[in-house]
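Novice: need a 3D model of the sequence below.
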Amino acid sequence: MNATLAFVLICLGVVAGLLLLAWVFEHFHCSQHLRLSSPKYIATVGVCSALAAVLMLLEFPLLFLAPEFYKLDFSELPVLICTFYLGPVAGVLTEFLKILLKLLFKGTSTAFVGELANFVVGCAMILPATMIYHWKRTKKNALIGLAAGTLMMTVFGSFFNAVYLLPAFAQLFKIPLDVIIGMGTKINGSIRGVTSFVMLAVAPLNLIKGAAVSILTMLLYKRIEPIMVKRDKG
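Specialist: Numbering: from 1, shown residues only. Below is the predicted model:
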């Protein structure tokens with residue numbers, strides 16, 4: 001089995017595991033009135049996935065902070081809105097479909113490493129956020145959930161990059177890990193190894209993304225929710 005195929009299988013395993021986690025929580029803790037009839041559920045997930053894919057295509061690097069292959073996008077915004085409305089399973093499905101649509105329109109330039117990172121790190125934000133919010137649907141819980149999701153995305157994203165993504169990227173592209181670390185050193189002289197790379201480049205990038213998406217979600221969700229509820233009752 002070659003490295004790329006093994007990596008794809010690992011990706012599918014991660015998707016299945018996160019879907020199972022989301023389903024278990026939703027089954028025991030999400031109230032029934034949140035569930036749409038199948039056509040409307042599918043339509044909502046589909047629209048949010050398409051919007052998220054478009055936003056993912058509009059990614060841009062923060063060259064003062066991290067190497068060019070680390071890019072910022074706001075694709076978690078429609079995913080979070082969908083998740084807040086429908087629950088965690090819809091969020092994971094939307095996140096996954098977003099990645100598939102992005103691959104369909106643009107393909108991959110990172111041997112799927114970037115796409116896996118976007119999916120897993122995105123889920124690291126949306127799952128804590130939606131679980132806390134759906135435990136009790138209040139503005140306070142939404143704020144706590146988004147803060148917890150941002151923190152989880154920052155911490156887990158750094159750890160995941162250090163122990164898996166960076167070594168996988170180096171292996172798939174046959175680039176010495178020291179060369180990748182050197183790209184970070186050119187931006188920030190304090191970056192000398194994997195730990196300082198993720199602490200000084202990856203973590204701040206995820207923190208900025210999480211904070212920005214959280215603010216936008218709080219500004220937009222309650223304005224959009226009445227439209228969704230009206231469609232559900234119509």
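Novice: can you pull the buried residues of the longest helix along the chain?
Specialist: If you go by DSSP state H, the chain has its longest helix at helix 203-233. Going by neighbour count (16 or more other Cβ atoms under 10 Å), the buried part of helix 203-233 is 203-207, 209-210, 213-214, 217, 221, 228, 232. Using the backbone N, CA and C atoms, a C-beta is placed for each residue, glycine as well.
Novice: okay, angle between the helix or strand harbouring residue 144 and helix 203-233 too, please.
Specialist: Using DSSP states H and E, the element containing residue 144 is helix 139-160. Per axes from the mean of the first three to the mean of the last three Cα atoms, to 10 degrees, the angle that helix 139-160 makes with helix 203-233 is 140 degrees.
Novice: past helix 139-160, which element shows up next along the chain?
Specialist: helix 166-172.
Novice: can you list contacts of the next helix or strand after that next one?
Specialist: The helix or strand immediately downstream of helix 166-172 is helix 177-187, counting by DSSP H and E. For helix 177-187, the external contacting residues (Cβ atoms under 8 Å, 6 or more residues apart in numbering) are 63-67, 166-167, 169-170, 191-194, 196-197, 200-201.
Novice: so for helix 177-187, what gets flagged as buried?
Specialist: In helix 177-187, counting by 16+ other Cβ under 10 Å, buried: 180-181, 183-185, 187.
Novice: avg pLDDT for it?
Specialist: Helix 177-187 carries an average pLDDT of 92.
Novice: about what we covered before: from the buried residues of helix 177-187, which two are the most distant?
Specialist: 180 and 187 (12.1 Å; Cβ to Cβ).
Novice: can I get the buried residues of helix 203-233 in CSV with pLDDT?
Specialist: Formatted as CSV, these follow (pLDDT from 0 to 100):
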residue, pLDDT
203, 94
204, 94
205, 93
206, 94
207, 95
209, 94
210, 94
213, 95
214, 95
217, 94
221, 83
228, 63
232, 53
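Novice: now those in CSV, with distance to residue 23?
Specialist: Below are these laid out as CSV (distance: Cβ to Cβ, whole Å):
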residue, distance to residue 23
203, 30
204, 33
205, 30
206, 26
207, 29
209, 26
210, 24
213, 24
214, 25
217, 23
221, 23
228, 21
232, 21
